[in-house]
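**Student:** Fold the following, please.
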Amino acid sequence: MKILIIGSGGREHAIAWKIAQSPKVKKIFCAPGNPGIAEVAECVDIDVNNIEGLFNFAIRQKIDLTVVGPEDPLLSGIVDTFKDGNLDIFGPSKRASLIEGSKVFAKTIMKKHSIPTADFRVFEDIKMAEKYLEKCFAPIVIKADGLAKGKGVFVCKTLEEAKEHLQEIMVERIFGNAGDRVVIEECLHGEEVSILAITDGQTIIPLSSARDHKAIYEGNKGPNTGGMGAYSPSHLITNEMQRYVEENILVPIIHAMKRENRPYSGIIYAGLMLTNAGPKVLEFNARFGDPETQALLVRMKSDLASLLLAASNNTLDKAELEWYDSHSVCVVLASKGYPGKYRKGLPISGLQAVKALKNIQVFHAGTANVHGNIVTNGGRVLGITATGKDLKEARTFVYDAIDRLSFEGVYYRKDIGVDAI
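**Tutor:** So this is what the prediction gives:
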């Protein structure tokens, strides 16, 4: 097979790394890719949102399967374009991707189809939203409706803080049109966990569990980011809990999307809060999570390329999924200032030494190759991922590896996985 991967982050590097292990895959392209991905794939300079360019490239190269990493091209209809041109592609259609593209849509469909989630209200007018807040109790959650790169959710400890974030979203427009509407919802209490599943719209194969760490600072403090680290599996997800999530959340949302004339195929990502009343959905995403994907794929024993192809051509019922009996930890190395402003172009040292370590995978996220030197090129720079016989061993391996890496202003959380130990 010839595979095209769309994207340039740590998630796409992990996907390319795993697909490269398939005996069925002869060639991998990635658009636009990054220096890490270039070690296992041929990177092509086509932007993720250049759907016509990506389609024409796939036609010219006779690509057997395209795998979409980020959410933007999904919401722009890349899957529809490829399928209309009789090209196999893994991911949901434009209409189905709205499950991630609009928090209002996601919350509304969950309420309509009795999928457990937090109570909520939707507002288009800031004065009405502020008036509603006066009747609420803190803590409370404010969410921008549209895509905000994982940064559009605010857990507010006071109502004054909630009003400040409403002002930022709806008046200052820090997320642009994504802030045309907001969701105000109750703050759920418990432990967070991520469950991803592969589906072709008929069959659902859940992946192993993972725990993401969204907040920038240790102890889950500070503003949300795209994700500062993850571990897999989560000690909170027993076999019984996994079945409950599948029967009460994953299967119902796929059926609900079909009934809403938005048939769903691809990855369905459920971000969950394990409350005293059972698991409740915080959000749905329409693609692989980042950095959950890094933590998951190093533990996957099965052939990922075969799984994704089966999902894209509706033969997932014949597929099987196996995992290594291991634990994994992914720690994100970020640029100083992230998720705010940060510098680019800073040299990274220690990469070759870390790549030589056993049980370690270095996934590039925001890097660039400048005259043969790897430099920083984003907020989240690297995802250092380790496997071990248990979580404690994986943590030891990953932080030992990180000690050998450096770039000016490097920041990372030192508590990834601590909650499970």
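
**Student:** At which residues are the strands of the stretch 201-350 of the chain located?
**Tutor:** Under the criterion DSSP state E, counting those that start in this stretch, the stretch 201-350 of the chain contains strands at 204-212, 215-217, 221-224, 229-232, 266-275, 278-285, 327-334.

**Student:** helices or strands next to the third one in the packing?
**Tutor:** I take that to be strand 221-224. strand 215-217 (3 or more Cβ pairs under 8 Å, 6 or more residues apart in numbering; DSSP states H and E). (Glycine included, C-beta is placed from N, CA and C.)

**Student:** I'd like to know how far the residue nearest to the spatial centre of the chain sits from residue 342.
**Tutor:** Taking Cα atoms, centre = their mean, the centroid of the chain lies closest to residue 289, which sits 1.8 Å from it. Computed as Cβ to Cβ, to the nearest Å, the residue 289 to residue 342 distance reads 22 Å.

**Student:** Give me the domain ranges for the chain.
**Tutor:** Following automatic domain parsing, one finds the domains of the chain at 2-91, 119-186, 191-318, 327-420.

**Student:** is it true that the residue nearest to the centre of the chain touches residue 195?
**Tutor:** No. Between residue 289 and residue 195 there is no contact under Cβ atoms under 8 Å: 10.0 Å.

**Student:** shared neighbours of those two, anything?
**Tutor:** Overlap of the contact sets of residue 289 and residue 195 (by Cβ atoms under 8 Å, 6 or more residues apart in numbering) consists of residue 269.

**Student:** Report the contact partners of the closest residue to residue 256 other than its chain neighbours.
**Tutor:** Nearest residue to residue 256, sequence neighbours excluded (Cβ to Cβ, 6 or more residues apart in numbering): residue 113, at 3.9 Å. Residue 113 makes contact with 252-253, 255-256, 259 under the criterion Cβ under 8 Å, 6+ apart.

**Student:** one more time with 10 Å, if that's ok
**Tutor:** For residue 113, the contacting residues are 252-253, 255-257, 259-260, by Cβ atoms under 10 Å, 6 or more residues apart in numbering.

**Student:** Residue 205 versus residue 219, what's the distance?
**Tutor:** Distance of residue 219 to residue 205, given as Cβ to Cβ: 35 Å.

**Student:** Kindly report the same for residue 401.
**Tutor:** 31 Å.

**Student:** Give me the pLDDT for the closest residue to residue 150 other than its chain neighbours.
**Tutor:** In space, and not counting its chain neighbours, residue 150 is closest to residue 226: 4.1 Å by Cβ to Cβ, 6+ apart. pLDDT for residue 226: 90.

**Student:** Repeat that for the one 5 residues further on.
**Tutor:** Predicted confidence (pLDDT) at residue 231: the value is 98.

**Student:** So residue 219 and residue 205 - more neighbours on which side?
**Tutor:** A count of neighbours by other Cβ atoms under 10 Å puts residue 205 above the other of residue 219 and residue 205, at 20 against 10.

**Student:** so the more buried one makes contact with residue 322?
**Tutor:** No. The criterion here is Cβ atoms under 10 Å, and residue 205 misses it with residue 322 at 11.2 Å.

**Student:** Just the CA coordinates for stretch 254-274, please, in CSV.
**Tutor:** Presented in CSV, the C-alpha positions along stretch 254-274 are these (Å, rounded to 0.1, in the frame of the first residue of the first chain):
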residue,chain,number,x,y,z
ILE,A,254,-22.6,6.5,16.5
HIS,A,255,-26.3,5.5,16.3
ALA,A,256,-27.3,9.1,17.1
MET,A,257,-25.2,10.5,14.3
LYS,A,258,-26.7,8.0,11.8
ARG,A,259,-30.2,9.0,12.9
GLU,A,260,-29.3,12.7,12.4
ASN,A,261,-28.2,11.9,8.8
ARG,A,262,-24.6,12.4,9.7
PRO,A,263,-23.2,8.8,9.4
TYR,A,264,-19.9,8.6,11.3
SER,A,265,-16.7,6.8,10.2
GLY,A,266,-13.2,7.3,11.5
ILE,A,267,-11.9,7.9,15.1
ILE,A,268,-14.4,8.9,17.7
TYR,A,269,-12.7,10.4,20.8
ALA,A,270,-14.6,10.7,24.0
GLY,A,271,-13.2,12.9,26.7
LEU,A,272,-14.8,11.6,29.9
MET,A,273,-15.2,12.7,33.5
LEU,A,274,-15.6,9.7,35.9
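
**Student:** what is the rounded mean pLDDT of that stretch?
**Tutor:** Mean per-residue pLDDT for stretch 254-274: 97.

**Student:** where do the helices sit along the protein?
**Tutor:** According to DSSP state H, the chain carries its helices in the segments 10-19, 51-61, 71-75, 78-84, 98-101, 103-112, 126-133, 159-166, 239-245, 251-259, 292-297, 304-312, 351-355, 391-402.

**Student:** So for stretch 254-274, what gets flagged as buried?
**Tutor:** By neighbour count with 16 or more other Cβ atoms under 10 Å, stretch 254-274 contains the buried residues 254, 256-257, 260, 262-274.

**Student:** follow-up on the earlier one: distance to residue 168 for the strands of the stretch 201-350 of the chain - can I get that in a markdown table?
**Tutor:** Converted to a markdown table, those look like this (distance: least, Cβ to Cβ, whole Å):
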| stretch | distance to residue 168 |
| --- | --- |
| strand 204-212 | 24 |
| strand 215-217 | 17 |
| strand 221-224 | 11 |
| strand 229-232 | 26 |
| strand 266-275 | 22 |
| strand 278-285 | 20 |
| strand 327-334 | 22 |
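
**Student:** Tell me which of those strands lies nearest to residue 352.
**Tutor:** strand 327-334 (15.9 Å; Cβ to Cβ).

**Student:** and the angle from the closest one to helix 391-402?
**Tutor:** Strand 327-334 runs at 30 degrees relative to helix 391-402, counting by axes from the mean of the first three to the mean of the last three Cα atoms, to 10 degrees.

**Student:** sorry, back to before: residue 100 is nearest to which of the strands of the stretch 201-350 of the chain?
**Tutor:** Of those, nearest to residue 100 by Cβ to Cβ is strand 278-285, at 4.8 Å.
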